[in-house]
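> Pasting a predicted model and its sequence here:
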Amino acid sequence: MDLAGHPLQLRLRAWRAGRIRDPVARLRYLRIAGGLPLFFEDPPRAARHSARQIAAAMVLLLVFAGKIGDARWEAPAEPPRPTPPVAPVGGSGSRVWFVERRGNWETYSNGLYVDVSYQTAGEPRLYPIFDPESLEIKAWGHQPVGIVFHSTESQLAPFEPRHTRQLLRLGTNLLEYLRRNRVYHYLIDRFGRVYRVVQDEHVAHHAGYSVWKDQAALYINLNGSFIGIAFEARTGDELSQPETTEAQLRAARLLVEMLRSRYGIPAQNCVTHAQVSVNPRSLRVGNHLDWADGLPYRELGLPDNYRIASPAVALFGFHYDPVTVERSRSGFAECIRLGRSEMERRARAAGLTAEQYAARMRQRYQEILRWLGQRNLNRETRYEFET
Ligand SMILES: [Zn+2]
């Protein structure tokens, strides 16, 4: 059935087109509405359109969006019943607000300063929001909904007064590299200074192949949907957590507070790179292992999010090394153990063994990834520092 030709759809289309003042935008809308949405063909380009066009395209996407509930995950082709979009982000009010900008410094009402002298632009955000149960695409988002914490794993100098010049030089070199390659949205240097690298509303390279979910939604490949915050820090050989300075933790708390307030980011969507990172070829979790353990969640004003089940394991049956996970007490291992339990529950409910269920769900993940790949939404850019 072709819903696009349905009289109701035609009336809706004509009404919407009539409301678009700009003739070029109107034409583009009619092209979108008349056939396969342009939005699907090249989302990053479409993201440069106006908010009204994005809204119109989102309505259409709801009509065109595919269904994943059955044996194979099908690319969106047949129009299913429209599903309501998820509530817009930004629910927690304006507890922290922007105060002023002087020169290259932004001031916020909670005492946060952000240095924007290295700020650069990327591509506008645009990402699919999946239903965590049906795996349907239920909407497209263009605002950040979470935070991924990183450590740069770059070269460090001892944190002592006599090394100040070297500490400054290393920080500057790092920032220049990050800006050139559009890596992370924020860097917190060793003196606790917060730098914005890629502007919030744009995509930065920081968590290409990754999976996370909250109560309402599942996110795959978080470069588009999450904000990347990196500590200038390095994980020692014997440690599973990077060493940070007091100043960095104080600054991180203020930055998290501001971002959560500005975008209504739920606490459970503030997690570490190790918790979200996956390898799409080996289908193993923990492709990157920065902050596998020891992120001081409480000091950042967050609950201990190491106690959230890994969605990659729970929903998609990702592999992991069972011996390492059983022996380890790290936050990452806890995340995997909880994911395994949830996956076993899901398998029982489906009347399958855990192995059968995991194999089936891994296949679904690969089908979704292929679909994203065809739309250029699954890029991961390697950069030289991180583990
Ligand atoms: Zn990372």
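Thanks, I have the structure now.

> pretty sure residue 129 contacts residue 140?
Yes - shown here, residue 129 and residue 140 form a contact pair, counting by Cβ atoms under 8 Å, at 6.7 Å. Where you see a C-beta, it was placed from the backbone N, CA and C, and this is true even at glycine.

> higher neighbour count, those two?
Neighbour count, other Cβ atoms under 10 Å: between residue 129 and residue 140, residue 140 has more, with 23 against 20.

> What's opposite the more buried one in the beta bridge?
residue 128 (DSSP bridges).

> Enumerate every residue touching the residue in the stretch 151-300 of the chain that the ion sits nearest to.
Using Cβ to the ion, the single residue of the stretch 151-300 of the chain nearest to the ion is residue 273, 3.4 Å away. Residue 273 makes contacts with 148, 149, 150, 206, 207, 210, 288, 289, 290, 291, 386, as judged by Cβ atoms under 8 Å, 6 or more residues apart in numbering.

> Can you name the two of those that sit furthest apart?
Greatest spatial distance among the contacts of residue 273 (Cβ to Cβ): 206 and 289, at 14.5 Å.

> Please say which of these two ends up with more neighbours.
Between residue 206 and residue 289, counted using other Cβ under 10 Å, residue 206 has the larger neighbour count: 30 against 21.

> my guess is the more buried one meets residue 182, correct?
No - Residue 206 is beyond contact range of residue 182, at 9.2 Å (criterion: Cβ under 8 Å).

> in the stretch 51-200 of the chain, which spans are strands?
98-102, 105-108, 113-115, 123-124, 127-130, 137-141, 146-151, 186-188, 194-196 (DSSP state E, counting those that start in this stretch).

> Out of those strands, which gets nearest to residue 246?
strand 186-188 (11.9 Å).

> For the closest one, name the packing helices and strands.
Here strand 186-188 touches helix 164-181, strand 194-196, strand 226-231, helix 246-263, going by 3 or more Cβ pairs under 8 Å, 6 or more residues apart in numbering; DSSP states H and E.

> 10 Å - rerun?
strand 146-151, helix 164-181, strand 194-196, strand 226-231, helix 246-263 (3 or more Cβ pairs under 10 Å, 6 or more residues apart in numbering; DSSP states H and E).

> could you redo those as TSV and give each row distance to the ion, mean neighbour count and mean pLDDT?
Converted to TSV, those look like this (distance: least, Cβ to the ion, whole Å; neighbours: other Cβ atoms under 10 Å; pLDDT from 0 to 100):
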stretch	distance to the ion	mean neighbour count	mean pLDDT
strand 146-151	3	27	97
helix 164-181	12	16	97
strand 194-196	16	22	98
strand 226-231	7	26	98
helix 246-263	15	20	98
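
> Rebuild these as a markdown table, extending it with distance to residue 124.
Putting the helices and strands packed on strand 186-188 into a markdown table (distance: least, Cβ to Cβ, whole Å) gives the following:
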| stretch | distance to residue 124 |
| --- | --- |
| strand 146-151 | 18 |
| helix 164-181 | 18 |
| strand 194-196 | 16 |
| strand 226-231 | 14 |
| helix 246-263 | 15 |
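
> just so I know, which of these lies nearest residue 120?
Proximity to residue 120 (Cβ to Cβ) singles out helix 164-181 among these, at 5.0 Å.

> quick one: residue 251 and residue 112 touch, right?
Yes - Residue 251 lies in contact with residue 112 (Cβ atoms under 10 Å); the separation is 7.5 Å.

> any shared contact partners between these two?
Common contact partners of residue 251 and residue 112 (Cβ atoms under 10 Å, 6 or more residues apart in numbering): residue 194.

> show me the residues around the nearest residue to residue 108 once chain neighbours are set aside that make contact.
Spatial nearest neighbour of residue 108, excluding adjacent residues (Cβ to Cβ, 6 or more residues apart in numbering): residue 258 at 5.0 Å. Residues near residue 258 by Cβ under 10 Å, 6+ apart: 95, 96, 97, 98, 106, 108, 109, 110, 111, 112, 114, 194.

> Between the residues you listed, which sits nearest the ion?
The closest of the contacts of residue 258 to the ion turns out to be residue 194 (Cβ to the ion; 17.3 Å).

> Please look at that closest one and residue 118 and confirm they touch.
No - between residue 194 and residue 118 there is no contact under Cβ under 10 Å: 11.1 Å.

> Quickly list what's touching both of those two.
In terms of Cβ under 10 Å, 6+ apart, residue 194 and residue 118 are both contacted by the residues residue 187.

> pLDDT below threshold where in the protein?
Counting by pLDDT under 70, the chain contains low-confidence ranges at 1-94, 238-239, 378-387.
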